[in-house]
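Participant: Task: produce atomic coordinates for the following.
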Amino acid sequence: MAEHRCWNCEQDVAAGEAACRNCGELVWVATKYYLLEPRGSGRFARVFRALDERANKQVALKILLSPYSRFKGECRTLARLKHPSIARYMDADRQHGLDYIVQEWVDGNSLRELFDDLNRRDAWDELTNAFAINLSLQLLDALKHAHERGVVHRDISPGNIMLEEDGAGGRRPVVVDFGLARFTDPSPGTTVTSTIGGTPGFVAPEQILECVRSIN
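Facilitator: Numbers count the residues shown, from 1 in each chain. As a prediction, this is how the structure comes out:
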């Protein structure tokens, strides 16, 4: 039987046992997703690199930190989208009162991490025009795909764009985190709010103006 350890304290845990008996951290989700390491967190959720033991495949597992009114909307959003530059939706459910979403695991760093590295090393000359153009074209095609299906991401920023080696010497950009997405054709019962969301410095001006008009 494969050895399983808690990602937080590295104590042994039984296969399928939800929480570590030593530190109390969540280790297994739905008895099949084994949490390997945390990869990010925000106001609403934590993201883990996890292993789907049944499929023997790594996945990205997003756990919502509290009851989240947009959970069903995010699942519905992701289910509409099938594009090589959008993280693929795989599963979603609830365990122990926590909602979670499972998506394709993108084996790479974010565009934000790339920028931070280039800035730290003062090596911006490594970012070629060809790389920037190719990246932009792929991202624009992904956003076009989403918009044609009535989905507006609303938080496109370097931290929400992952980069994965494409096997041909290039990098595939992958858009992640549709938690703030909005439908252009909301279904009956869907609440559309006017609050400002997104990464400061990357929020669309029209989104800010819309919120200001709502307040006025």
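Participant: pull the longest helix from the protein.
Facilitator: Looking across the chain with DSSP state H, the single longest helix is helix 129-148.
Participant: now what about that one, what contacts it?
Facilitator: For helix 129-148, the external contacting residues (CB atoms under 8 Å, 6 or more residues apart in numbering) are 81, 83-86, 111, 152-153, 156, 161, 170-173, 175, 181, 184. C-beta: built from backbone N, CA, C; applies to glycine.
Participant: let's see it at 7 Å
Facilitator: Counting by CB atoms under 7 Å, 6 or more residues apart in numbering, helix 129-148 makes contact with 81, 83, 85, 86, 153, 161, 170, 173, 175, all of which sit outside it.
Participant: Show the average pLDDT along it.
Facilitator: Helix 129-148 shows a mean pLDDT of 96 in the predicted model.
Participant: What count of nearby residues applies to residue 102?
Facilitator: Neighbours of residue 102 under the rule other CB atoms under 10 Å: 22.
Participant: Once you drop chain neighbours, what's closest to it?
Facilitator: Sequence neighbours aside, residue 91 is the residue nearest to residue 102 in space, at 3.9 Å (criterion: CB to CB, 6 or more residues apart in numbering).
Participant: Wait, the one you found touches residue 103, no?
Facilitator: No - with contacts defined as CB atoms under 7 Å, residue 91 does not count as touching residue 103, sitting 8.5 Å away.
Participant: Comparing these two, which shows the higher neighbour count?
Facilitator: With neighbours defined as other CB under 10 Å, residue 91 and residue 103 compare such that residue 103 has more, 22 against 16.
Participant: Spell out which residues make up each domain of the protein.
Facilitator: Using automatic domain parsing, the domain parsing of the chain gives 28-104, 108-209.
Participant: okay, the ones you listed, which one's buried deepest?
Facilitator: When neighbours are counted by mean count of other CB atoms under 10 Å, the highest per-stretch mean among these falls to domain 28-104, a mean of 17.
Participant: If you rank every helix and strand of this structure by mean pLDDT, what lands last?
Facilitator: helix 205-215 (a mean of 57; mean pLDDT, DSSP states H and E).
Participant: Give the helix, strand or coil label for residue 118.
Facilitator: When classified by DSSP: H, G, I helix; E, B strand; the rest coil, residue 118 comes out as helix.
Participant: my guess is it meets residue 126, correct?
Facilitator: Yes - with contact taken as CB under 7 Å, residue 118 and residue 126 are classed as touching, separated by 6.4 Å.
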